[in-house]
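[1] missing the sequence, but the structure's below:
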């Protein structure tokens with residue numbers, strides 16, 4: 001049985017350069033999503049979202065392998081981050097953030113399988129935010145991105161500034177929400193070796 005790793009199949013989206021910004025066209029993909037607000041480092045709401053997203057994602061993978069003979073690597077956690085006025089958005093001030101935590105699902109994972117996965121997770125664990133999990137299609141289309149190496153938070157500021165500077169100088173303007181993709185497993189990776197894709201949807205000025 002082939003075990004797909006969509007990070008490797010979509011390298012342009014999940015493994016950009018950490019040296020220079022690239023522009024990509026992000027097509028529509030399926031995601032499990034949970035919406036919330038507040039500092040992810042201090043928010044119980046964010047912790048609850050993790051306790052629902054990952055079990056459903058892994059259960060969907062298990063069911064896909066068992067019932068459909070299609071196996072794959074569970075995709076990394078991603079996050080959309082924003083505030084009411086994006087001109088006031090700051091990596092360092094997380095208290096006013098709104099967010100969507102999400103995990104991409106392969107094209108062959110359908111709504112019926114996700115519903116079955118959620119039923120099994122409810123029976124065994126019933127995490128508090130399970131009812132908030134949504135299975136949705138999501139597309140960003142034209143976007144600029146770069147790989148950030150190192151810790152999260154304040155350490156990301158120079159990388160984000162480099163991304164925004166590129167957008168400004170290249171004749172684009174920022175559109176929609178700040179997007180991060182957490183390639184590394186924070187439980188097994190030293191802070192200085194963490195890899196995070198920083199992505200920002202853009203449009204022509």
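    That came in fine, so what should we check first? Remember, it's a predicted structure, so these values are computed and weren't measured experimentally.
[2] And the chain, what are its domain boundaries?
    10-27+140-205, 29-138 (automatic domain parsing).
[3] Throw those into JSON lines and include distance to residue 2, mean neighbour count and mean pLDDT, thanks.
    C-beta: built from backbone N, CA, C; applies to glycine. As requested, the domains of the chain are arranged in JSON lines below (distance: least, CB to CB, whole Å; neighbours: other CB atoms under 10 Å; pLDDT from 0 to 100):
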{"stretch": "domain 10-27+140-205", "distance to residue 2": "16", "mean neighbour count": "16", "mean pLDDT": "95"}
{"stretch": "domain 29-138", "distance to residue 2": "7", "mean neighbour count": "17", "mean pLDDT": "93"}
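[4] so which of those gets nearest residue 3?
    Distances from residue 3 to each of those were compared using CB to CB; the shortest belongs to domain 29-138, at 4.5 Å.
[5] With distance to residue 4 added, can I get the domains of the chain in TSV?
    As requested, those are exported to TSV (distance: least, CB to CB, whole Å):
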stretch	distance to residue 4
domain 10-27+140-205	11
domain 29-138	4
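[6] Please tell me how far stretch 124-138 is from the chain's geometric centre.
    15 Å (CA atoms, centre = their mean, to the nearest Å).
[7] What is the end-to-end distance of it?
    Using CA to CA, to the nearest Å, the end-to-end distance of stretch 124-138 comes out at 29 Å.
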